[in-house]
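> sharing a model prediction with you, sequence too.
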Amino acid sequence: MKNMDMKNRNLNCNQTQYRTQLCQQILANCRNELYSYFPYLDGAFASVSYEADPQVYAMGTDGNFFYYNVSFLMKQYVQNASSVRRGYLHMLLHCLYLHLFLEKDLDRQKWNLACDIAVEQIIEKEHLSALCLPENPVREQVFRILGDRSLAAQEIYKMLETNAFSFTQEELEAAFLFDDHSLWDAVTQEEHRAGLRKKWEKVLSYTGRNKNVQSRRRGTRKGTDQEAVDEIPKSRYDYRRFLKQFSVPREEVELDTESFDYVFYCYGMEHYGNMPLIEPLEYKEVNRLEELVIAIDTSSSCSKEVVQQFLAETYEILSQRENFFRKMKVYIIQCDSFIQDVAIIHSEEEWKEYSKGITIQGRGGTDFCPVFQYIEEQKKAKEIKRLKALIYFTDGDGLYPQEKPDYETAFVFLKKTDKMDLVPHWATKLLIP
């Protein structure tokens, strides 16, 4: 009986350890995904650790740790992973904006709510699909009242005091609450409080400088501008050598003049009338591409002239018949921080027709990740099956994926720039002469 009890305790212990490790991995994944959108928050991400705590009803932070209830985190992540990612950022912003340090003369319940509304307003303005929550009429109405203003928690607190939102405290808490603010009570000892506040003030200062440096390099705003394309200039690069390394062999119905022996052919024609001894083969083994993705950076950092040159390079690739089989599939994607346009080309004729009326769409921020995400979606849908390479035309002024995909990627630049150093080690850099 004792042995059975011991086995049960060991089994429960192993299960608890496994579930805790799984939660740690969930939070690490959330951090990595958020970092891809907010790289300037690297100092903040590094300033918190994770710890399981059964006393926490959901999640919460004391400024040093993100505490989580194992059952809550696993269930919430399965039901809505976006809410966990958003909650992670929600708590991080509480720390960055020093919400943990309550002023003594404020109502605690109203202050908690004001802080929640403040950080949710910041997150909402990013318009990121990875952080989307189900529609909530209370939240939507509050955001409409706040408008485009980015208000601090102190200002929202004053609005709560004057009942500016026409909702009850309970309705507002149900719409904006995520984390357990009771953990903020741990920040009470004056010595600990001063040290923690100094830590986050330093992180906030670093984040502000880091954001200014990287603001031109990243982008989450979708552009809405459109520009007609003038006459496409000539390409400055021969892509055949580059594309050859990604080609695959396949037989095509084609006159194979290399395998055709003219000696026997002429001998038969001379001695037997119009009867050649060997007919030319009607197939030929060739090495070409079947699928290719070409992405064009249409963000505001790329001028119209630069985008037109990108199109010229695209035209060069697709106009060379020896690059592709007769049945080809080429995705041409325009992207700033969002996918703006996708054209799928199956033949030389389709490309020529498409190239007659191209419109540049975008002019927002810069993020390369949506193209990679789109490709993964197409692969899961079995639309892309044998992709060997992605060619991304850009000025390099953007946010790159963290992990190498299972196909080769080349970032193509029109001129040498220090932004080329930002290209991940797993990608190829091409410079157009």
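Everything's here; your move.

> show me where the stretch 1-150 of the chain has strands.
49-52, 59-61, 65-68 (DSSP state E, counting those that start in this stretch).

> if I look at Cys335, what pLDDT would I see?
Note for Cys335: predicted pLDDT of 89.

> give me the nearest residue to it, chain neighbours excluded.
Val371 (5.3 Å; Cβ to Cβ, 6 or more residues apart in numbering). Every residue, glycine included, has its C-beta placed from N, CA and C.

> same thing with Leu430?
That would be Val412: by Cβ to Cβ, 6+ apart, it lies 4.5 Å from Leu430.

> hang on, the one you found in a strand?
Yes: counting by DSSP: H, G, I helix; E, B strand; the rest coil, Val412 falls inside a strand.

> quick one: contacts for it?
310, 313, 391-394, 430-432 (Cβ atoms under 8 Å, 6 or more residues apart in numbering).

> out of those residues, who has the most neighbours?
Using other Cβ atoms under 10 Å as the neighbour criterion, Phe310 leads these with 27 neighbours.

> now do the SS call for Ile333.
strand.

> for Ala81, see how far away Lys415 is.
Relative to Ala81, Lys415 is positioned 40 Å away (Cβ to Cβ, to the nearest Å).

> which one's more surrounded, the two?
Each of Lys415 and Ala81 has its neighbours counted (other Cβ under 10 Å); Ala81 has more, 15 against 10.

> what pLDDT is listed against the more buried one?
90.

> and if you look at Pro401?
Taking Pro401 on its own, its pLDDT is 86.

> tally of neighbours for it?
Neighbours of Pro401 using other Cβ under 10 Å come to 18.

> got the contact list for it?
By Cβ under 8 Å, 6+ apart, the neighbours of Pro401 are 36, 368-369, 372, 424.

> can you do 7 Å?
36, 368-369, 372 (Cβ atoms under 7 Å, 6 or more residues apart in numbering).

> which of those residues fall in helices?
Among those, the ones falling in helices (DSSP state H) are 36, 369, 372.

> return the member of these nearest to Ile145.
Ser36 (31.7 Å; Cβ to Cβ).

> help me confirm that that closest one comes into contact with Gln402.
Yes: taking contacts as Cβ atoms under 7 Å, Ser36 lies within contact range of Gln402: 6.0 Å.

> and the two? which has more neighbours close in?
Ranked by neighbour count (other Cβ under 10 Å), Ser36 and Gln402 place Ser36 first, with 17 against 12.

> using the three-state scheme, assign Ala295.
Under three-state DSSP, Ala295 comes out as strand.

> how about the helices in the chain?
2-37, 42-45, 70-79, 81-96, 108-124, 137-146, 153-161, 169-176, 190-214, 240-244, 262-271, 304-319, 348-355, 369-380.

> closest to Ala295 out of the ones you listed?
It is, among those and with distance given as Cβ to Cβ, helix 369-380, at 4.6 Å.

> just give me how far the closest one sits from the chain centre.
9 Å (Cα atoms, centre = their mean, to the nearest Å).

> hmm, who's touching it?
36, 293, 295, 333, 335, 338-339, 384, 387, 390, 392, 399, 401, 405.

> wait, which of these is closest to Cys132?
Among the contacts of helix 369-380, and counting by Cβ to Cβ, the member closest to Cys132 is Phe338, at 13.6 Å.
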